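Participant: need coordinates for the following:
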Amino acid sequence: MKDFYEQSIIKIKNFYKINPCERDVNNKIFQALGELIPFKYGEIVYTNNDENSSVFKYGQPDEYKFTAQAELRVNNLLFGYLKICRKNEFNKSENLVLETSSTIISGIIKEAELNSIIKTQLMTLQEGISAKSRAYEKILEAEKVKNQFISNVSHELRSPLNSILGFTELLNAQFIGKLNEKQLEYIEDIRIAGIHLLNMVNEILDMSKIESKSLRLNLSKFNLQRNIQEVLNILSPLYIKKQQNIIANPEIDFEITADYQKLQQILFNLLSNAIKFTPEKGSIEISAAKSRKFAIISVKDTGCGIAKKYHKKIFNKFEQLKEMPNSTGLGLTITAELVKLHGGKITVKSNENEGAEFIIKLPQI
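Facilitator: Got it, this is the predicted structure:
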């Protein structure tokens with residue numbers, strides 16, 4: 001078994017040789033995965049609420065008896081699954097390697113998406129700009145440079161970050177040998193720092209998608225309480241560590257119409273900010289109400305608060321207050337844009353040192 005894990009660590013490096021700019025990225029993902037775990041058929045499936053749709057298939061979809069599956073996550077939120085099938089059963093070691101590989105594969109898929117968006121931006125600019133205008137040509141060139149820079153930086157950051165996260169998962173699982181308590185603590189610190197940096201890169205990607213107007217709503221009807229609870233489950237290690245009291249109003253148990261994943265991202269941004277800026281043993285309250293035309297969701301904390309002069313600035317791109325270090329300044333901008341995409345509105349009620357309350361109002365069809 002030790003030999004299997006050692007060989008897996010060597011072969012997992014093949015994922016970092018994949019160029020996300022190439023058209024056959026998904027094929028190369030499964031080819032690299034096939035060197036780690038033998039299988040006959042594979043799928044990448046995107047999920048939204050209860051509806052699953054396969055976006056890529058590899059091999060022949062014959063009736064195979066056994067399936068192994070791993071989650072695909074970005075910003076700690078589930079966006080799909082990676083499935084592989086074969087005639088004989090997958091063992092525990094193969095399932096662990098698949099789960100670890102899924103972290104790296106999620107990053108590759110996200111980076112490929114970024115490159116696709118950049119190409120769309122360039123095509124849109126090229127169609128709308130007159131070739132005879134020197135001024136427009138300069139704008140186009142500047143836009144190419146900007147997009148190329150984003151693409152290069154994204155790739156250069158994501159590749160080592162995903163490598164760091166992948167290997168910390170392997171070390172944390174203690175495949176090669178046992179680690180003592182202090183070593184495990186250091187590994188966890190590395191993992192948390194890596195996730196933080198990767199989230200910052202992902203925020204830049206999300207902003208790029210918003211600016212290129214490539215985001216589309218996938219509206220459905222779902223239970224709001226379930227949506228909120230899934231986000232709280234993801235964030236639980238953070239508020240448990242700070243011994244914070246999370247109060248979810250029981251009246252949130254009703255159905256609303258919205259984009260399930262985008263609402264999760266809105267709530268993730270608001271709640272993670274509330275946890276970050278609320279002191280230990282502080283309180284965070286989530287409440288909601290629904291009328292025939294609107295759903296109103298509130299996230300209220302007992303944190304450091306925001307002075308009134310900053311209430312509009314915090315939603316501006318790259319705006320960073322002295323109270324909010326170590327961030328891209330994009331989280332609340334993305335949140336506001338996602339609310340706007342729903343045709344809704346976000347407001348803040350806060351005074352300095354008196355906590356903050358963010359309120360989103362979403363129209364209901």
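Participant: how far away is residue 257 from residue 299?
Facilitator: Using C-beta to C-beta, to the nearest Å, one gets 20 Å for the distance from residue 257 to residue 299. (Glycine included, C-beta is placed from N, CA and C.)
Participant: so for these two, which residue has more residues nearby?
Facilitator: residue 299 (22 against 14; other C-beta atoms under 10 Å).
Participant: state the distance from the more buried one to residue 270.
Facilitator: 4 Å.
Participant: name the residues contacting each of those two.
Facilitator: residue 358 (C-beta atoms under 8 Å, 6 or more residues apart in numbering).
Participant: helix or strand: which one has residue 305?
Facilitator: Secondary structure from DSSP states H and E places residue 305 outside every helix and strand.
Participant: got a list of what it touches?
Facilitator: 350-356.
Participant: likewise residue 166?
Facilitator: 12, 15, 100-101, 103-104.
Participant: just give me the closest of those to residue 344.
Facilitator: Set against residue 344, the nearest of the contacts of residue 166 by C-beta to C-beta is residue 103 (32.7 Å).
Participant: just checking, the closest one touches residue 168?
Facilitator: No - here residue 103 lies out of contact with residue 168, judged by C-beta atoms under 8 Å, at a distance of 9.4 Å.
Participant: secondary structure class of the residue nearest to residue 82 when sequence neighbours are not counted, three-state.
Facilitator: Spatially, and ignoring its direct neighbours in sequence, residue 82 is nearest to residue 70 (4.9 Å; C-beta to C-beta, 6 or more residues apart in numbering). With DSSP: H, G, I helix; E, B strand; the rest coil as the basis, the three-state label of residue 70 is strand.
Participant: now do stretch 246-260: everything it contacts.
Facilitator: With C-beta under 8 Å, 6+ apart, stretch 246-260 has contacts from 48-49, 217-225, 227-229, 232, 239, 283-290, 295, 297, 341-342, 362, 364-365.
Participant: let's see it at 7 Å
Facilitator: 48-49, 217-225, 227-228, 232, 239, 283-290, 295, 342, 362, 364-365 (C-beta atoms under 7 Å, 6 or more residues apart in numbering).
Participant: now stretch 246-265, how far from the centre of its chain.
Facilitator: 18 Å (C-alpha atoms, centre = their mean, to the nearest Å).
Participant: kindly export that stretch (C-alpha atoms) in CSV.
Facilitator: Extracted in CSV, the C-alpha atoms of stretch 246-265 (Å, rounded to 0.1, in the frame of the first residue of the first chain):
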residue,chain,number,x,y,z
ILE,A,246,-24.9,31.5,15.0
ILE,A,247,-28.6,32.3,15.2
ALA,A,248,-30.7,31.2,12.3
ASN,A,249,-34.2,32.5,12.5
PRO,A,250,-36.7,29.5,12.2
GLU,A,251,-38.8,31.6,9.9
ILE,A,252,-36.3,31.1,7.0
ASP,A,253,-37.9,27.7,6.3
PHE,A,254,-39.7,28.6,3.1
GLU,A,255,-39.2,28.4,-0.7
ILE,A,256,-37.8,31.2,-2.9
THR,A,257,-36.9,31.5,-6.6
ALA,A,258,-33.3,32.4,-7.3
ASP,A,259,-30.1,30.9,-8.7
TYR,A,260,-29.2,28.3,-6.0
GLN,A,261,-25.4,28.4,-6.4
LYS,A,262,-25.1,32.2,-6.8
LEU,A,263,-27.2,32.7,-3.7
GLN,A,264,-24.9,30.4,-1.8
GLN,A,265,-21.9,32.5,-3.0
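Participant: about what we covered before: least confident pick among the contacts of residue 166?
Facilitator: Across these, the bottom pLDDT score, 78, is held by residue 12.
Participant: related to what we said a few turns ago, most neighbours among the contacts of residue 305, which one is it?
Facilitator: residue 356 (24 neighbours).
Participant: re the thing from before, what is the nearest of the contacts of residue 166 to residue 85?
Facilitator: Of those, the one sitting nearest to residue 85 (C-beta to C-beta) turns out to be residue 101, at 15.9 Å.
Participant: residues near the residue nearest to residue 9 when sequence neighbours are not counted, how many?
Facilitator: Spatial nearest neighbour of residue 9, excluding adjacent residues (C-beta to C-beta, 6+ apart): residue 170 at 6.3 Å. Using other C-beta under 10 Å, the number of residues around residue 170 comes to 19.
Participant: separation between residue 170 and residue 10?
Facilitator: 12 Å.
Participant: with residue 236 instead?
Facilitator: 35 Å.
Participant: and residue 112, which of the three is it?
Facilitator: Relying on three-state DSSP, one would call residue 112 helix.
Participant: model confidence for it, exactly?
Facilitator: 79.
Participant: out of everything not next to it in sequence, what's closest to residue 280?
Facilitator: Once flanking residues are discounted, residue 280 sits nearest to residue 242: 4.8 Å by C-beta to C-beta, 6+ apart.
Participant: ignore the last one, residue 25
Facilitator: residue 112 (4.7 Å).
Participant: what's the pLDDT at the residue nearest to residue 82?
Facilitator: 91.
Participant: that one: what's it in contact with?
Facilitator: When contacts are counted by C-beta under 7 Å, 6+ apart, residue 70 touches 81-82, 98-99, 102.
Participant: which parts of this structure are helices?
Facilitator: 2-11, 25-36, 92-128, 134-172, 181-211, 224-241, 260-277, 331-341 (DSSP state H).
Participant: worst mean pLDDT among the ones you listed?
Facilitator: Least confident of the helices of the chain, judged by mean pLDDT, is helix 134-172 with a mean of 66.
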